[in-house]
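Student: sequence? don't have it. structure:
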């Protein structure tokens with residue numbers, strides 16, 4: 001039958017392999033849906049110092065911007 005996990009936000013039970021699992025500092029957090037995971041992460045972000053959150057978000061946004069730029073360069077048509 002498989003392992004059943006419990007969503008820490010809504011309490012719904014779900015099978016292992018379903019839902020979203022986040023591992024941080026050796027602890028595993030299980031959510032039955034992306035909505036529950038987002039709700040949890042929103043609360044986490046509200047509890048962290050805004051300057052720290054801002055720096056982390058800026059760093060991740062820059063990383064994604066660089067990946068998008070590289071992808072655009074790879075897929076651009078090259079006229080020879």
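Tutor: Thanks, I have it. These numbers were taken from a predicted model, which means no experiment stands behind them.
Student: roughly how far is stretch 51-60 from the heart of the chain?
Tutor: Relative to the mean C-alpha coordinate of its chain, stretch 51-60 is positioned 15 Å out (C-alpha atoms, centre = their mean, to the nearest Å).
Student: Contacts for it next, please.
Tutor: If you take C-beta atoms under 8 Å, 6 or more residues apart in numbering as the criterion, stretch 51-60 is touched by residue 45. Every residue, glycine included, has its C-beta placed from N, CA and C.
Student: and that stretch, what's its mean pLDDT?
Tutor: In this model, stretch 51-60 has a mean pLDDT of 92.
Student: Please apply the same query to stretch 4-12.
Tutor: Averaged across stretch 4-12, pLDDT comes to 95.
Student: buried sites along it?
Tutor: By 16 or more other C-beta atoms under 10 Å, the buried positions in stretch 4-12 come out as 5, 7, 9.
Student: ok, these vs residue 72, which is closest?
Tutor: residue 9 (36.9 Å; C-beta to C-beta).
Student: right, and the closest one touches residue 40 too?
Tutor: Yes - using C-beta atoms under 8 Å, residue 9 makes contact with residue 40 at a distance of 5.4 Å.
Student: anything in contact with each of the two?
Tutor: Counting by C-beta under 8 Å, 6+ apart, the contacts common to residue 9 and residue 40 are residue 31.
Student: now the buried residues of stretch 4-12 as CSV including distance to residue 54 and secondary structure?
Tutor: Below are the buried residues of stretch 4-12 laid out as CSV (distance: C-beta to C-beta, whole Å; DSSP: H, G, I helix; E, B strand; the rest coil):
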residue, distance to residue 54, secondary structure
5, 33, strand
7, 29, coil
9, 25, coil
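Student: mind giving me TSV with the residues you listed and columns for distance to residue 32?
Tutor: Conversion of those to TSV gives the following (distance: C-beta to C-beta, whole Å):
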residue	distance to residue 32
5	8
7	4
9	8
